[in-house]
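here is a sequence with its predicted model. Questions after.
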Amino acid sequence: PLLIDRWKLELGTIATDWSDFKEGIVENVQNLVQVQTNLAQTVDATNLDRPMNLEVKGSGNCAFEGVFSYLRCVIGNVAIQAKDLIELPSIEGLVAQSDSGSSQKIKVGRYQIELLSPDLIPTASVEKNQAVYKGEFYFQAKMQKGEPKLFKISGYKILQSSNTNTQGGDFPWKLVVFNQKLYFSALNYQGLSKLFVSDGQSVIQITDVFPGGNDYFSPVAVFNGELYLEGVNKKGQLKLFKLAQSKKIVQVSDTNPNGSDNPSDYKVFAGELYFRSNNMRGHSKLFKLNNEGMTQVSNLNPNNHDAPEFLEVFRGELFFSAYKEAEAGYKLHKTDGRVITQVVSINKGMNDEPSDLKVYKDNLYFIALNKDGRRKLFKTDGIVATQVSNLQAGLSDFAQNFREKKAFMTVYNDELFFVAKNSENAFKLFKTDGQHISQVSNLNKKEAKINPTGSDFPFNLFVYADGLYFSAYGNEHGLKIYRLRSEVSKAE
């Protein structure tokens, strides 16, 4: 018989496939793999909000003891898969009872996914289109029959916060908090792109550099107490600007005197502002700005683009993805501000294409191509890279368009959440504690005609207050904004 008191369960980890649960069972069980075929029973809790689909494999059975009580399993050798437990706020925990009569109650850490509003539709899908200002969450969205405006979550209320274009959509873009104000670009009453500022109550247009035309100034970073913006000068060239104390827009960069700088990918590191920009030959390089001026940092390919992106500070250095001709592809690099070093090469002489860099639990996580050319989740300590995910054996766990910076990865509740494809090739929300990976969302069920893939397509992951907010598709509501909140209980 199975000795329940020897079970081990990592608290707070709910898994679609309870691999962490099964690993905890094996200590005193022999031939666990063979008992998988002895019993396969599915219990549907139809009296709850959603079916539970708890699948029990082993020599035993399970039964509910009450809606807000526990699931009691009388078991011998057993492996458990809880497919939709993540969606069940009513389930308080599990009671496991061995065939020898001993039992233990195991409380479960739970995540609840809830629809923010059935009438609110997300309308922006890039980073920096969401911000927290004065304790309220701002984002671009539209009502079912409306146009894209700026909305905010204030307490339990969802409020429209802008109406800069009374004739149509505002399309608020690139939200940045600076000097206790919220700055963003949007369309004015003429349908022209201008720079706006909000104090949380009113919204005011503050630029009209090109009267009767678009200004195209978008806030991108705060550095040394000043607000920096991307914008177009009078020559029609895209440059880096800043908002002076006089409220005038001042051009800062001219890394490419012959055309557009095309600045992007900003990160403050060691008291300097790093960003991607074109040099005088039109090649994209890593630059930095400090009190002494602007300096080109990278020149990995003297006659070609370095194309640095996904800048992330880790262990006192700046990590980024960049192209390297000698390796025939993109590699992970780092710099201390003076010297650039290639960190790892997963595929020698071939493309790694690292993207979506995120620091979590003293490791740097990123998406890259493995030796089979499949996109997987990796992590590195700055020296060695280790593959973390293998959700689809022989196939990619991630799509190539994840390089479009749509906020597909974030840390919430001390776990790393990310968007990937499950074993059925459907895009879902996943999480990992650094050891185990489990599927979190299943909003969009697979249907042959309506939704053949069953993908949720989550994006715009953003942590605010006590929840993880994201946009996704669901069978019942289509594209909407959802909130995931955790409630973690301890074992009794």
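Received it, and whenever you're ready, just let me know what you need. Residues are numbered from 1 along each chain as shown.

which residues does the spatially most central residue of the chain bridge with?
For the chain, Met409 is the residue whose C-alpha lies nearest the centre (C-alpha atoms, centre = their mean; 2.4 Å). When bridges are called by DSSP bridges, Met409 pairs up with Phe418.

and for Val250?
Taking DSSP bridges as the rule, Val250 bridges to Lys242.

pLDDT weak spots in the stretch 351-492 of the chain?
Within the stretch 351-492 of the chain, the stretches with pLDDT under 70 are 401-406, 446-453, 487-492.

at which residues are the strands of it located?
In the stretch 351-492 of the chain, the strands defined using DSSP state E, counting those that start in this stretch lie at 355-360, 363-369, 375-380, 385-387, 409-412, 415-421, 427-432, 437-439, 459-464, 467-474, 478-487.

direction included, what does the fourth one pair against?
Each strand that pairs with strand 385-387, with its direction, by DSSP bridges: strand 375-380 (antiparallel).

excluding its own residues, what touches the partner strand? List them.
Strand 375-380 has contacts (C-beta atoms under 8 Å, 6 or more residues apart in numbering) with 332, 343-344, 346, 353-354, 360, 363-370, 385-390, 396-400, 402, 418, 420, 432, 434, 437. Heads up, the C-betas are built off the backbone N, CA and C, glycines and all.

can you list contacts of whichever strand or helix holds Glu230?
Using DSSP states H and E, Glu230 falls within strand 226-232. Strand 226-232 is touched from outside by 176, 178-179, 183, 195, 215-222, 238-244, 249, 252, 263-264, 266, 273, with contacts defined as C-beta under 8 Å, 6+ apart.

switch the cut-off to 7 Å
Here strand 226-232 makes contact (C-beta atoms under 7 Å, 6 or more residues apart in numbering) with 176, 178, 183, 215-221, 238-243, 249, 252, 263.

taking those one by one, which sit in strands?
176, 178, 183, 218-221, 238-243, 249 (DSSP state E).

scan these and report the most crowded one.
Pro219 (28 neighbours; other C-beta atoms under 10 Å).

show me the contacts for the residue nearest to it when sequence neighbours are not counted.
Sequence neighbours aside, Val176 is the residue nearest to Pro219 in space, at 3.8 Å (criterion: C-beta to C-beta, 6 or more residues apart in numbering). Contact analysis of Val176 by C-beta under 7 Å, 6+ apart lists 128, 131, 183, 219-220, 222, 227.

gap between stretch 251-270 and the chain center?
In this view, stretch 251-270 has its centroid 26 Å away from the chain centroid, taken as C-alpha atoms, centre = their mean, to the nearest Å.

my bad, should have said stretch 232-240
32 Å.

rounded mean pLDDT for that stretch, please.
The average pLDDT within stretch 232-240 is 95.

stretch 210-226 too?
If you average the pLDDT over stretch 210-226, you get 94.

where exactly do the strands run in the stretch 151-300 of the chain?
157-160, 173-178, 181-187, 193-198, 203-205, 218-223, 226-232, 238-243, 249-251, 264-269, 272-278, 284-290, 293-296.

would you turn these into a markdown table with distance to Arg374?
Shown next, in a markdown table, are those (distance: least, C-beta to C-beta, whole Å):
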| stretch | distance to Arg374 |
| --- | --- |
| strand 157-160 | 40 |
| strand 173-178 | 33 |
| strand 181-187 | 38 |
| strand 193-198 | 40 |
| strand 203-205 | 46 |
| strand 218-223 | 33 |
| strand 226-232 | 35 |
| strand 238-243 | 35 |
| strand 249-251 | 44 |
| strand 264-269 | 26 |
| strand 272-278 | 27 |
| strand 284-290 | 27 |
| strand 293-296 | 35 |
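
wait, which of the ones you listed is closest to Arg483?
Evaluated over the strands of the stretch 151-300 of the chain, closeness to Arg483 peaks at strand 157-160, with 11.1 Å, by C-beta to C-beta.

residues near Val440, how many?
The number of residues packed near Val440 is 23, by other C-beta under 10 Å.

can you check Lys247 too?
Using other C-beta under 10 Å, Lys247 has 9 neighbouring residues.

now the nearest residue to it once chain neighbours are set aside: how far from Phe217?
With C-beta to C-beta, 6+ apart as the criterion, Lys247 has its nearest non-adjacent residue at 6.4 Å, and that residue is Ile206. Using C-beta to C-beta, to the nearest Å, Ile206 is found at 9 Å from Phe217.

between these two, which is the more surrounded one?
Phe217 (23 against 15).

residues in contact with that one?
185, 195, 207, 229, 231, 241, 249.

which among the residues you listed count as buried?
Using 16 or more other C-beta atoms under 10 Å as the burial test, the contacts of Phe217 include 185, 195, 207, 229, 231, 241, 249 as buried.
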